[in-house]
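Undergrad: all I have is the shape, not the residue letters:
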């Protein structure tokens, strides 16, 4: 049985080619229809070595096994017709590129200097590797999707942990929120729409769509690319935008389209079946002080109603919180992105949340607090301190949900290991002779 707690290694370096000639394009393993190149292994080894200086050369064997598991999952995903939509792939690419460019202070010249290419070229080079990674993850999820865990299995898992190996948890809290997004008033909406009408007139008179998008569009991501949104399939955009996009003929402009983000001017560039390639200019109405005051007053009144009527905070989220908030479908509970559960050590909290709840007791609710969402837009929240624990050793009474999650993940890994063992026996696999001595892959080669 392989030690496969497998979290597939992210392909950080696959697009970092700087124009130098590659001399490592040798196939070192085949898994079904998938190939592993020596360059892939060396890039993985270089990356992991940066994170762990002094890594021994034999670590390549473990990395090779991870790559082979990845390829086995990709191979099976194709046999099972697992699909990744163009919209999903585009979204992941954009998120990855945004993360990289943000780390560089949004300096595209620095990006070009480091990677030897522009962002669009980098995305093209990343595309196939990103798709393979997403296929592997989807296949892994499909394999383990039916795994469930019973209360007795949770207790059995906990009891099997030696007492001196039980983890110690720091003080933790759970927090819930009700979110309100300020909306622009009618006057600001009229101003924004008039501005876009003027931009459309300038385009009709011959000015460049791309230039005006770069100057005026409030969608900064596409604005940098002249408004280009790339290819997207049905379901990728909000309803009003999508209806307009799919109603156009190639090169045709839309009327002014209003969505929750503001006013859009669209142009359809190409269409292939249920996919469209469009560009747009977005003008978002300005949020002024009176709109912010309205948000504060709204959440103040919600807070007062909850307190005066002794309402359960988590039960009224559906009535008062914004439907787009991540916590909306989790009864207001905020999820810790580092752990996937709802528990936070105090150091993991957003600074504003930390200071807001630091002086209140469990069950109390903060006054409205001003935040900025990931897009930089202003939002307001009221926050309840839902629970708080002191530092302690893991136990079923206080930490059942965490232990349940760990037990389920352990069961998934056992099942995934068994699946891998089975597929190795039924999949054509060959490995370069130079890696015959790798103990981690010695049982993989089933076909000469």
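TA: That came in fine, so what should we check first? Please read all numbers here as calculations on a predicted model, not as lab measurements.

Undergrad: so what's the residue count around residue 269?
TA: 17 (other CB atoms under 10 Å). To be clear about C-beta, it is placed using only N, CA and C from the backbone, and glycine gets the same treatment.

Undergrad: how about residue 193?
TA: 16.

Undergrad: so it: helix, strand or coil?
TA: Three-state assignment for residue 193 (DSSP: H, G, I helix; E, B strand; the rest coil): helix.

Undergrad: what residues does it make contact with?
TA: 256, 258, 263, 283 (CB atoms under 8 Å, 6 or more residues apart in numbering).

Undergrad: what's the offset of the longest helix anywhere in the chain from the middle of its chain?
TA: Taking DSSP state H as the criterion, the chain has its longest helix at helix 396-426. Distance of helix 396-426 from the chain centroid (CA atoms, centre = their mean, to the nearest Å) equals 23 Å.

Undergrad: buried set for that helix?
TA: If you call a residue buried by 16 or more other CB atoms under 10 Å, then helix 396-426 has these buried ones: 398-399, 402-408, 411-413, 416-417, 419-420, 423-424.

Undergrad: I'd like the mean pLDDT over that helix, please.
TA: Average pLDDT, helix 396-426: 93.

Undergrad: and that helix, what does it pack onto?
TA: helix 59-79, helix 119-144, helix 151-159 (3 or more CB pairs under 8 Å, 6 or more residues apart in numbering; DSSP states H and E).

Undergrad: can you give me the angle the first one makes with helix 119-144?
TA: Helix 59-79 and helix 119-144 are oriented at 80 degrees to each other (axes from the mean of the first three to the mean of the last three CA atoms, to 10 degrees).

Undergrad: for helix 59-79, buried residues please.
TA: So helix 59-79, judged by 16+ other CB under 10 Å, has buried residues 60-77.

Undergrad: which neighbouring elements make contact with it?
TA: Against helix 59-79 (3+ CB pairs under 8 Å, 6+ apart) you get strand 27-31, strand 34-37, helix 38-51, helix 119-144, helix 396-426.

Undergrad: quick one: low-confidence ranges for the stretch 1-150 of the chain?
TA: Scanning the stretch 1-150 of the chain for pLDDT under 70 picks out 1-24.

Undergrad: closest to residue 351 out of the helices and strands packed on helix 396-426?
TA: Ranking those by proximity to residue 351 (CB to CB) places helix 119-144 first, at 30.6 Å.

Undergrad: so which of the helices and strands packed on helix 396-426 is nearest residue 363?
TA: helix 151-159 (27.5 Å).

Undergrad: show residues contacting the helix or strand just after that closest one.
TA: Next in sequence after helix 151-159, counting helices and strands by DSSP states H and E, comes strand 168-169. For strand 168-169, contacts defined as CB under 8 Å, 6+ apart pick out 389, 391, 392, 393, 394, 399.

Undergrad: pairing partners for strand 168-169, with directions?
TA: strand 392-393 (antiparallel) (DSSP bridges).

Undergrad: let me see the contact set for residue 246.
TA: 234, 271, 276.

Undergrad: 7 Å instead?
TA: By CB atoms under 7 Å, 6 or more residues apart in numbering, residue 246 lies in contact with residue 276.

Undergrad: phi, psi of residue 344?
TA: Note on residue 344: backbone dihedrals following degrees, to the nearest 10 are phi -130, psi 130.

Undergrad: who's it bridged to?
TA: residue 173.

Undergrad: picking up where we left off before, continuing past the longest helix of the chain, what's the next helix or strand?
TA: strand 429-431.

Undergrad: how far does that next one sit from its chain's centre?
TA: 33 Å.

Undergrad: what pLDDT, on average, does it get?
TA: 93.

Undergrad: quick one: strands adjacent to it?
TA: Strand 429-431 is paired, per DSSP bridges, with strand 27-31 (antiparallel).

Undergrad: contacting residues around the partner strand?
TA: Against strand 27-31 from outside (CB under 7 Å, 6+ apart): 35-38, 41, 64, 68, 71-72, 75, 427-432, 435.

Undergrad: okay, buried residues for it please.
TA: 28, 29, 30, 31.

Undergrad: quick check: residue 172 touching residue 343?
TA: Yes - counting by CB atoms under 7 Å, residue 343 is a contact partner of residue 172 at 4.5 Å.

Undergrad: and those two? Which one has more around it.
TA: Shown here are residue 172 and residue 343; by other CB under 10 Å, residue 172 has more neighbours (22 against 19).

Undergrad: what subset of the contacts of strand 27-31 is buried?
TA: Buried among the contacts of strand 27-31 by 16+ other CB under 10 Å: 36-38, 41, 64, 68, 71-72, 75, 427, 429, 431, 435.

Undergrad: could you dump those residues to CSV with distance to residue 142?
TA: Below are the buried ones among the contacts of strand 27-31 laid out as CSV (distance: CB to CB, whole Å):
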residue, distance to residue 142
36, 22
37, 26
38, 30
41, 27
64, 24
68, 19
71, 16
72, 13
75, 14
427, 17
429, 21
431, 26
435, 29
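
Undergrad: which one of these sits closest to residue 313?
TA: residue 72 (46.3 Å).

Undergrad: got the contact list for that closest one?
TA: 31, 420, 423, 427.

Undergrad: the last one and residue 80, how far apart?
TA: Per CB to CB, to the nearest Å, residue 427 is found 13 Å from residue 80.

Undergrad: then the first one?
TA: Residue 31 sits 15 Å away from residue 80 when distances are taken as CB to CB.

Undergrad: list of residues touching stretch 277-297?
TA: By CB under 7 Å, 6+ apart, stretch 277-297 touches 180, 182-185, 188-189, 191-192, 195-196, 199, 209, 212-213, 216-219, 222, 226-231, 245, 261-270, 368, 378, 380.

Undergrad: the closest residue to residue 212 other than its chain neighbours: how many residues sit nearby?
TA: Leaving aside its sequence neighbours, residue 212 sits nearest to residue 199 (CB to CB, 6 or more residues apart in numbering; 5.5 Å). Neighbour count of residue 199, defined by other CB under 10 Å: 22.

Undergrad: give me the distance between residue 199 and residue 331.
TA: From residue 199 to residue 331 the distance is 43 Å (CB to CB).

Undergrad: endpoints of stretch 314-331, how far apart?
TA: Start to finish, the residues bounding stretch 314-331 are 5 Å apart (CA to CA, to the nearest Å).

Undergrad: which of the residues in that stretch are buried?
TA: For stretch 314-331, by 16+ other CB under 10 Å, it's 314, 316, 317, 320, 321, 322, 325, 327, 328, 331.

Undergrad: now render those as a markdown table, adding distance to residue 251 and secondary structure.
TA: Below are the buried residues of stretch 314-331 laid out as a markdown table (distance: CB to CB, whole Å; DSSP: H, G, I helix; E, B strand; the rest coil):
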| residue | distance to residue 251 | secondary structure |
| --- | --- | --- |
| 314 | 51 | helix |
| 316 | 49 | coil |
| 317 | 45 | helix |
| 320 | 45 | helix |
| 321 | 42 | coil |
| 322 | 37 | coil |
| 325 | 38 | coil |
| 327 | 42 | helix |
| 328 | 39 | helix |
| 331 | 48 | coil |
